[in-house]
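> Build the 3D model from these lines:
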Amino acid sequence: MKPFSASLFSLIVMVVFQSNVLGQQKIVSELNNLNELSSTPFGVSHYWLNMGTNTFGQPILVPVIVVQGKEVGPTLGITAAIHGNELNGIPIIHELAASLDPSRLKGRVIAIPGINTLSVELNQRKFIDDEDINRSFPGKSNGSESEQYAHKIKERILPVFDVHLDLHTASFGRINSFYARADASNDTLLKLAELQKPDIILHSKGKPSFGTSSSATETLRAEASALGIPSITIEYGNPQVYQSDLISRGVKGIFNTLNWLKMYNEVISSEQMQPVYCKKSYWIYTNKGGFLEVPVNLNQHIKKGGVIGILKNAFGEIIDTYLAPEDGIVIGKSTNPANMSGGRILHLGILK
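Numbers count the residues shown, from 1 in each chain. Got it, this is the predicted structure:
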């Protein structure tokens with residue numbers, strides 16, 4: 001951290017915020033206040049959304065890109081990096097906005113390349129109170145830091161969307177295939193997932209898939225769905241990196257979505273094979289500590305009893321071998337060799 005740079009930035013923000021402008025971008029208080037966006041010009045516009053104040057009373061600002069078409073139509077909302085180390089969605093949004101021709105667009109695209117700016121700056125998954133925003137919805141107006149931030153997303157961002165895509169990646173120490181999470185019992189949500197041309201489509205209603213027993217915690221996707229907004233989660237590979245192949249596939253998938261919504265007359269065909277459909281998934285964990293090897297690949301089909309993990313002690317001796325409990329496909333896997341008991345091995349998808 002550079003104290004001088006941080007202080008200078010705070011001073012700049014303090015000066016320009018008085019006129020509701022930062023640089024050349026207008027600062028808005030909420031996206032669902034249509035009066036603030038009613039003057040959005042045709043074309044591509046950039047805004048800063050005020051999501052609260054920091055310790056020094058300065059605004060916490062989130063970047064917003066609006067691509068406004070000439071004709072009336074739906075609003076496609078796209079959010080990226082609700083986990084601060086999940087970055088592939090950011091260049092997907094950037095490339096999409098640069099590629100769209102507003103004169104051919106009906107409606108508008110509102111994209112947020114870094115909805116959790118504080119954690120992006122800190123290179124960390126969780127919010128500054130060490131809680132997961134994507135397990136904190138619907139949030140509380142008078143709750144903890146993460147709960148208030150989740151509540152602001154619900155109140156200031158989600159209501160303006162007609163359809164929502166939430167862009168994710170794996171977290172530190174893990175890698176993911178390119179897969180979509182959607183409630184496959186809903187035809188609209190299943191279609192949205194298929195339009196992305198992912199390797200895997202996982203049936204999931206949007207609740208946290210692990211790590212919580214509280215029915216009160218919900219994901220951004222589940223909250224959008226509760227508000228009547230069709231929403232899916234798309235997982236694009238690995239954390240804290242840009243992966244050009246997945247970025248390209250991500251942009252193509254969103255163009256397919258726009259075409260299906262009749263917002264944009266262009267289908268970007270994909271050479272990818274048909275996705276594998278999974279009815280459920282779960283993580284498999286170690287039951288003791290050691291150094292882990294996971295000798296399987298992403299998207300690999302595995303059979304019950306196949307070796308999925310080899311655990312060695314500090315002297316290189318094999319102390320455990322983990323076998324697949326049933327047939328499935330590798331959605332994600334651990335890349336961190338150092339594990340205590342309860343370490344992740346792999347994310348196993350169970351085929352329909």
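
> For the stretch 1-150 of the chain, just list every one of the strands.
Read by DSSP state E, counting those that start in this stretch, the stretch 1-150 of the chain holds these strands, from start to end of the chain: 21-22, 25-28, 43-53, 59-68, 71-80, 106-113.

> which of these has the lowest average pLDDT?
For the strands of the stretch 1-150 of the chain, mean pLDDT drops lowest on strand 21-22, to a mean of 76.

> And it, how far out from the chain middle?
Centroid separation between strand 21-22 and its chain, computed with C-alpha atoms, centre = their mean, to the nearest Å, is 27 Å.

> can you check stretch 178-193 too?
In terms of C-alpha atoms, centre = their mean, the centre of stretch 178-193 is found 15 Å from the chain centre.

> next one: stretch 114-127
Computed by C-alpha atoms, centre = their mean, the chain-centroid distance of stretch 114-127 equals 12 Å.

> Which residues does it contact?
Residues outside stretch 114-127 that contact it (C-beta atoms under 8 Å, 6 or more residues apart in numbering) are 51, 60-63, 79-87, 90, 128, 132-133, 136, 145-146, 149, 153, 157, 171-172, 239-240. In short, each C-beta sits where N, CA and C put it, glycine included.

> list the buried ones in it?
114-120, 124-127 (16 or more other C-beta atoms under 10 Å).

> ditto for stretch 239-250
Of the residues in stretch 239-250, those buried (16+ other C-beta under 10 Å) are 239-240, 243, 246-247, 249-250.

> First-to-last residue distance for it?
The straight-line separation of the ends of stretch 239-250 (C-alpha to C-alpha, to the nearest Å) is 15 Å.

> Buried ones among the contacts of stretch 114-127?
Buried members of these, scored by 16+ other C-beta under 10 Å, are 51, 60-63, 79-87, 90, 128, 132-133, 136, 145-146, 149, 153, 157, 171, 239-240.

> how far away is Glu155 from Glu223?
Relative to Glu223, Glu155 is positioned 11 Å away (criterion: C-beta to C-beta, to the nearest Å).

> With neighbour numbers in mind, choose between these two.
Remark: of Glu155 and Glu223, Glu223 carries more neighbours, 23 against 15, as counted by other C-beta atoms under 10 Å.

> what's near enough to touch that one?
Each residue near Glu223 by C-beta under 8 Å, 6+ apart is listed here: 137-138, 150, 153-154, 158.

> If you rank those residues by neighbours, which is first?
Using other C-beta under 10 Å as the neighbour definition, these reach their maximum at Ala150, which records 29 neighbours.

> Any idea how many residues pack against the closest residue in space to Leu105 that isn't next to it in sequence?
On the basis of C-beta to C-beta, 6 or more residues apart in numbering, the spatially nearest residue to Leu105 that is not a chain neighbour turns out to be Gly69, at 3.1 Å. For Gly69, the neighbour count with other C-beta under 10 Å is 20.

> my read: Gly69 touches Pro102, true?
Yes: here Gly69 lies in contact with Pro102, judged by C-beta atoms under 8 Å, at a distance of 5.6 Å.

> Common neighbours of these two, please.
Residues touching both Gly69 and Pro102 by C-beta under 8 Å, 6+ apart: Phe42.

> Write down the beta-bridge partners of Tyr285, one by one.
Here Tyr285 shows beta-bridge partners Arg344, assigned using DSSP bridges.

> How is Arg181 assigned, secondary-structure-wise?
Per DSSP: H, G, I helix; E, B strand; the rest coil, the secondary structure class of Arg181 is strand.

> how near is it to Gly332?
Taking C-beta to C-beta as the measure, Arg181 and Gly332 are separated by 12 Å.

> Ok, Gln58 next?
Applying C-beta to C-beta, one obtains 38 Å for the distance of Gln58 from Gly332.

> Looking at these two, which has the bigger crowd around it?
Residue environment comparison for Gln58 versus Gly332 gives the larger neighbour count to Gly332, 25 against 15, counting by other C-beta under 10 Å.

> Can you verify that one is assigned to a helix?
No: under the criterion used here (three-state DSSP), Gly332 is strand, not part of a helix.

> Bridge partners for it, pull those for me.
Asn176, His347.

> who's in contact with it?
Neighbouring residues of Gly332 by C-beta under 8 Å, 6+ apart: 170, 174-177, 235, 298, 346-347.

> how many other residues sit next to the closest residue to Val67 other than its chain neighbours?
Leaving aside its sequence neighbours, Val67 sits nearest to Val109 (C-beta to C-beta, 6+ apart; 4.3 Å). By the measure other C-beta under 10 Å, the count of residues near Val109 is 26.

> check contacts around Val109.
Neighbours of Val109 in contact, by C-beta under 8 Å, 6+ apart: 65-67, 75-78, 96-97, 100, 258, 263.

> Of the contacts of Glu223, which belong to helices?
Counting by DSSP state H, the part of the contacts of Glu223 found in helices is 150, 153-154.

> thinking again about what came up before, looking at the buried residues of stretch 239-250, spot the one nearest Gly206.
Of all those, the one sitting nearest Gly206 is Gly250; the distance, using C-beta to C-beta, is 19.9 Å.
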